[in-house]
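A.B. asks: sequence and predicted structure are below.
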Amino acid sequence: MGKLYLIPTTLGESDLGLVIPSEVSAIVKKIRYFIVENIRTARRYLRKMDPQLNIDELQFFEFEPAYRQSCNRGVSETNP
């Protein structure tokens, strides 16, 4: 069974080492599939978190705005 990790991000240009726990960084290095709001922003964030990370080996799936809206209402698209 898989796991879902919610990865915190910073607001602004904070030093990641000062605000993101090292345990989070260690977990992120093991993840290969990401569901994100914006792929470009996520790639930049991950590169900032670990400059050695091979971004091209990762898969990103954009969290669709329509699905976000249904989640905000507390209703899934498959069960209106």
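C.D. replies: Cool, got the structure.
A.B. asks: now do the same contact list for the most centrally placed residue in the chain.
C.D. replies: By CA atoms, centre = their mean, the mean C-alpha position of the chain lies nearest to Val36, the distance being 4.9 Å. Val36 sits next to 42, 60-63 when contact means CB atoms under 8 Å, 6 or more residues apart in numbering. C-beta here means a position set from N, CA and C on the backbone, and glycine is covered the same way.
A.B. asks: buried ones among those residues?
C.D. replies: Applying a neighbour-count criterion of 16 or more other CB atoms under 10 Å, the buried members of these are Ala42.
A.B. asks: and the residue nearest to the centre of the chain, how far from Pro51?
C.D. replies: Here Val36 is placed at a distance of 19 Å from Pro51 (CB to CB, to the nearest Å).
A.B. asks: same deal with Tyr45?
C.D. replies: For Tyr45, the distance to Pro51 - CB to CB - is 12 Å.
A.B. asks: in the longest helix anywhere in the chain, what's buried?
C.D. replies: Across the chain, the longest stretch assigned as helix under DSSP state H is helix 39-49. Across helix 39-49, burial judged by 16+ other CB under 10 Å covers 42-43, 45-46, 49.
A.B. asks: pipe the residues you listed into a markdown table and attach distance to Ile20 per row.
C.D. replies: Below are the buried residues of helix 39-49 laid out as a markdown table (distance: CB to CB, whole Å):
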| residue | distance to Ile20 |
| --- | --- |
| Ala42 | 14 |
| Arg43 | 17 |
| Tyr45 | 10 |
| Leu46 | 12 |
| Met49 | 7 |
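A.B. asks: of these, closest to Asp15?
C.D. replies: The closest of the buried residues of helix 39-49 to Asp15 turns out to be Met49 (CB to CB; 11.4 Å).
A.B. asks: check contacts around the closest one.
C.D. replies: 16, 20, 25, 28.
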